[in-house]
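Undergrad: kindly generate the corresponding structure for this input.
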Amino acid sequence: QVQLVESGGGLVQSGGSLRLSCAASGFTFRNYDMKWYQQAPGKEREAVATISMTGNYRRYADSVKGRFTIFRDNAENTVYLQMSSLKPEDTAVYYCNTKIGTQNYWGQGTQVTVSS
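TA: Take a look at the predicted model:
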C-alpha cells in the first residue's frame, strides 16, 4: 500500500534552517508529482511546494518563495523540503502528499516549530 513517511521536523530559532524528508513506498514514485503542505494551528492545510515527477518543474506558495526549496531523488523514492530563513509563522505540521488517480495520500506529518 502507499506509504509516505515524513521526518526532519523539530524546534529551530528564527532565521534557522531545517530539511524535511518524505520517504515514499507502495507506488512508482518517479511517475507522480509530489507536494508539501503545511497546517498551522487553527488553520487549513495548504500547499507550500510542488515538484513534478522529473523534478524539472517546481511551484511555491508566495509565503515561502525564495526561502524553501523542494527537490526529489527518484532513485531513493524520497522528496525533500529545504527550509531556510525560517520565521515563527512557518510553525506548522508539514505533510507530504501525492495524488494517484482521484485518491490523495498523506503522511503522518512532522512538526516544525520556529521560536522568535
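
Undergrad: so which bits of the host helix or strand of A23 are buried?
TA: Using DSSP states H and E, the element containing A23 is strand 18-25. Neighbour counts over strand 18-25 (16 or more other C-beta atoms under 10 Å) mark L18, L20, S21, C22, A23, A24 as buried. Every C-beta, even on glycine, is put in place using the N, C-alpha and C of the backbone.

Undergrad: and those as TSV, adding distance to F71?
TA: Output for the buried residues of strand 18-25, formatted as TSV (distance: C-beta to C-beta, whole Å):
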residue	distance to F71
L18	14
L20	11
S21	11
C22	11
A23	14
A24	14
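
Undergrad: tell me the one of those residues nearest T91?
TA: Comparing these against T91 with C-beta to C-beta places L18 closest, at 11.5 Å.

Undergrad: what sits against the residue nearest to the closest one when sequence neighbours are not counted?
TA: Using C-beta to C-beta, 6 or more residues apart in numbering and skipping residues adjacent in sequence, the residue nearest L18 is M83, 4.9 Å away. Residues in contact with M83 (C-beta atoms under 8 Å, 6 or more residues apart in numbering) are S17, L18, R19, L20, V64, R67, F68, D90, V112.

Undergrad: beta-bridge partners for M83, please?
TA: Under DSSP bridges, the beta-bridge partners of M83 are L18, F68.
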